[in-house]
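[1] What follows is a predicted protein model with its sequence.
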Amino acid sequence: MGRRTGSADLPLHGGRVPRWLSARMERLGRVIVEAIAHHYGRDEVLRRLAHPFWFQSLGAVMGMDWHSSGITTSVVGALKRGLEPLAPEVGLHVCGGRGRHSRRTPDELLAVGERTGLDGEALGRASRLVAKVDSAAVQDGYALYLHAFVVSDAGDWVVVQQGMSDARGQARRYHWLSEDLHSFVEEPHSAIEGPGGGEILNLTDRRAAAARRAQVDWVARGPDAVLAALPRAARAPLPRTLPLPHLQMPAHHDVRGEDVVLRRLHGALRAATEAGPRDFAELLSTPGVGARTIESLALVAEVVHGTPSRFSDPARFSMAHGGKDGHPFPVPLRVYDETLRVLREALDRARLGNDDRLAAVRRLDEQARWLERTAEGPPLEVLLARERRRSPGYGGRTAGDDRRRARPGPRTPRDGQLPLPGV
């Protein structure tokens with residue numbers, strides 16, 4: 001059976017991802033997936049994508065808005081673009097996407113089948129059936145608009161889908177995992193993420209097996225028998241699904257103290273201070289960037305190596321590279337690029353048999369977990385104020401900066417010219 005791992009509130013959030021960030025997200029998503037596959041195998045990549053808390057944390061460490069539904073679209077897009085050149089090497093293929101891209105998923109799976117020898121038609125049927133179950137068998141008031149299907153060369157797959165409710169201003173994300181999947185119609189989800197919206201008709205619940213059989217029986221009886229039974233059915237209470245662990249994604253954009261497990265953050269910061277100079281001595285010779293980069297690497301290392309319980313506070317991972325809308329602080333481009341450089345070089349060295357740099361990244365995560373038991377530090381507000389002060393020196397940038405730059409300013413007359421009246 002599939003495993004349900006929880007739910008979360010995801011407020012709808014408009015806007016676009018600027019190209020300067022989306023290009024970096026592609027590179028960071030690619031290197032994180034490569035690192036996980038290198039340490040734990042590609043099946044572990046699929047398991048991580050099927051975990052809604054980890055998925056949200058991945059988007060946050062990439063510099064997206066830590067709490068919003070937009071993480072789903074942006075992470076799926078970044079992974080699709082970033083992994084495409086590496087698909088033959090990593091053995092993972094990202095198909096589908098948002099809107100019209102979701103409708104192309106079966107065709108893309110056929111193409112994957114032609115390249116890999118997998119049964120593309122069977123994968124396409126699985127894709128359509130997954131979408132049908134979440135849109136018809138789970139009637140929760142959310143209209144699906146995103147469908148991503150990630151398949152390995154071995155034929156294992158994960159699906160991430162998302163629906164929205166304009167009336168509630170909220171989104172719900174659904175995760176599927178083929179591992180241990182024995183039925184498409186009885187509790188197949190690895191997780192359903194999103195806000196509770198009253199009673200939900202969930203025909204995939206194991207307790208709904210009798211209801212599924214009854215539906216087939218009623219169809220055989222004909223429409224007259226169904227119409228005669230409707231008054232009785234309307235008076236019957238709907239069965240409730242069992243409560244699941246719930247991650248509350250708040251509507252506020254700013255990161256607050258209650259959004260972060262501060263001892264974990266202090267552990268990562270202290271590990272960067274104590275382990276960084278020992279493991280990344282040459283990196284720290286870069287003035288003004290190296291020490292801050294180690295702090296980001298400690299959080300990225302946890303995304304690669306952390307266990308599921310570590311991702312209960314996705315907001316913490318936005319402390320690595322900020323957010324595109326300036327929350328918790330502008331994206332520090334120099335730090336982001338330095339993080340990418342270190343990870344890329346570490347993976348390239350590991351492929352040549354020299355695992356020292358990648359092992360150092362792993363030690364950062366181990367050290368952070370050890371130190372968080374005793375680490376102390378300033379309140380979150382003090383840490384955020386520090387990052388905002390340092391932001392200009394790190395090339396801090398937001399999507400709002402792009403809009404301000406695009407606005408035409410007042411025309412300046414050339415030498416010897418006078419401005420036209422009214423200009």
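    That came through fine.
[2] by contact count, what packs against the helix ranked longest in the chain?
    For the chain, the helix with the greatest residue count under DSSP state H is helix 19-40. On a contact count with 3 or more Cβ pairs under 8 Å, 6 or more residues apart in numbering; DSSP states H and E, helix 19-40 meets helix 42-49, helix 52-61, helix 70-83, helix 87-90, helix 290-305, helix 333-351, helix 356-371. Backbone N, C-alpha and C define where each C-beta goes, glycine included.
[3] Could I get the buried residue list for the first one?
    Residues of helix 42-49 classed as buried: 42, 45-49 (neighbour count, 16 or more other Cβ atoms under 10 Å).
[4] Could you tell me the angle between it and helix 70-83?
    Per axes from the mean of the first three to the mean of the last three Cα atoms, to 10 degrees, the angle that helix 42-49 makes with helix 70-83 is 160 degrees.
[5] How about exporting helix 42-49 as PDB, limited to the C-alpha atoms?
    Taking Å, rounded to 0.1, in the frame of the first residue of the first chain, the C-alpha atoms of helix 42-49 are listed here in PDB:
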ATOM      1  CA  ARG A  42      18.000   7.100  -7.300                       C
ATOM      2  CA  ASP A  43      15.200   5.300  -5.600                       C
ATOM      3  CA  GLU A  44      15.800   7.500  -2.600                       C
ATOM      4  CA  VAL A  45      15.300  10.600  -4.800                       C
ATOM      5  CA  LEU A  46      11.800   9.300  -5.600                       C
ATOM      6  CA  ARG A  47      11.100   8.700  -2.000                       C
ATOM      7  CA  ARG A  48      12.200  12.200  -1.100                       C
ATOM      8  CA  LEU A  49       9.900  13.700  -3.800                       C
END
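[6] Contacts made by that helix with the rest, please.
    Here helix 42-49 makes contact (Cβ atoms under 8 Å, 6 or more residues apart in numbering) with 33, 36-37, 54-55, 58, 90-92, 150, 152-154, 156-158, 160, 175, 177-179.
[7] got the angle for that helix vs helix 19-40?
    With the same axes, to 10 degrees defining the directions, helix 42-49 sits at 130 degrees from helix 19-40.
[8] Would you state the strands of the chain in chain order?
    Using DSSP state E, the strands of the chain run over residues 7-8, 10-11, 92-98, 138-139, 143-152, 157-165, 170-177, 189-193, 201-202, 246-247, 331-332, 396-397.
[9] hey, which of those is tucked in deepest?
    Ranked by mean neighbour count under mean count of other Cβ atoms under 10 Å, the strands of the chain are led by strand 331-332, which reaches a mean of 28.
[10] so how far is stretch 19-27 from its chain's centroid?
    From the chain centre to the centre of stretch 19-27 is a distance of 14 Å (Cα atoms, centre = their mean, to the nearest Å).
[11] Rounded mean pLDDT for the longest helix of the chain, please.
    Mean pLDDT, helix 19-40: 97.
[12] tell me the angle that helix makes with strand 92-98.
    Going by the same axes, to 10 degrees, helix 19-40 makes 140 degrees with strand 92-98.
[13] which stretches of the stretch 251-400 of the chain have low pLDDT?
    The stretch 251-400 of the chain contains residues with pLDDT under 70 at 286-289.
[14] Provide a list of residues in contact with residue 277.
    Residue 277 touches residue 284, counting by Cβ under 8 Å, 6+ apart.
[15] among the helices and strands packed on helix 19-40, which is nearest residue 384?
    Closest of the helices and strands packed on helix 19-40 to residue 384 is helix 290-305, at 13.4 Å (criterion: Cβ to Cβ).
[16] do you know how far residue 160 is from residue 87?
    In this view, residue 160 and residue 87 are 18 Å apart by Cβ to Cβ, to the nearest Å.
[17] my bad, residue 383
    Residue 383 is 39 Å from residue 87, where distance means Cβ to Cβ.
[18] Same question for residue 155.
    From residue 155 across to residue 87, the span is 14 Å (Cβ to Cβ).
[19] what's the answer for residue 364, then?
    The separation that residue 364 has from residue 87, given Cβ to Cβ, amounts to 29 Å.
[20] Just want to know which of residue 383 and residue 87 has more residues nearby.
    Using other Cβ atoms under 10 Å as the criterion, residue 383 and residue 87 rank with residue 383 on top: 20 against 15.
[21] what pLDDT does the residue nearest to residue 105 when sequence neighbours are not counted get?
    Leaving out its chain neighbours, the residue that sits closest to residue 105 by Cβ to Cβ, 6 or more residues apart in numbering is residue 96, at 3.7 Å. Per-residue pLDDT puts residue 96 at 96.
[22] Quick one: residues contacting the most centrally placed residue in the chain.
    Residue closest to the average C-alpha location in the chain (Cα atoms, centre = their mean): residue 55, at 3.4 Å. Contacts for residue 55 (Cβ under 8 Å, 6+ apart) come out as 48-49, 71-72, 75, 160, 173, 175.
[23] Cool, thanks, talk later.
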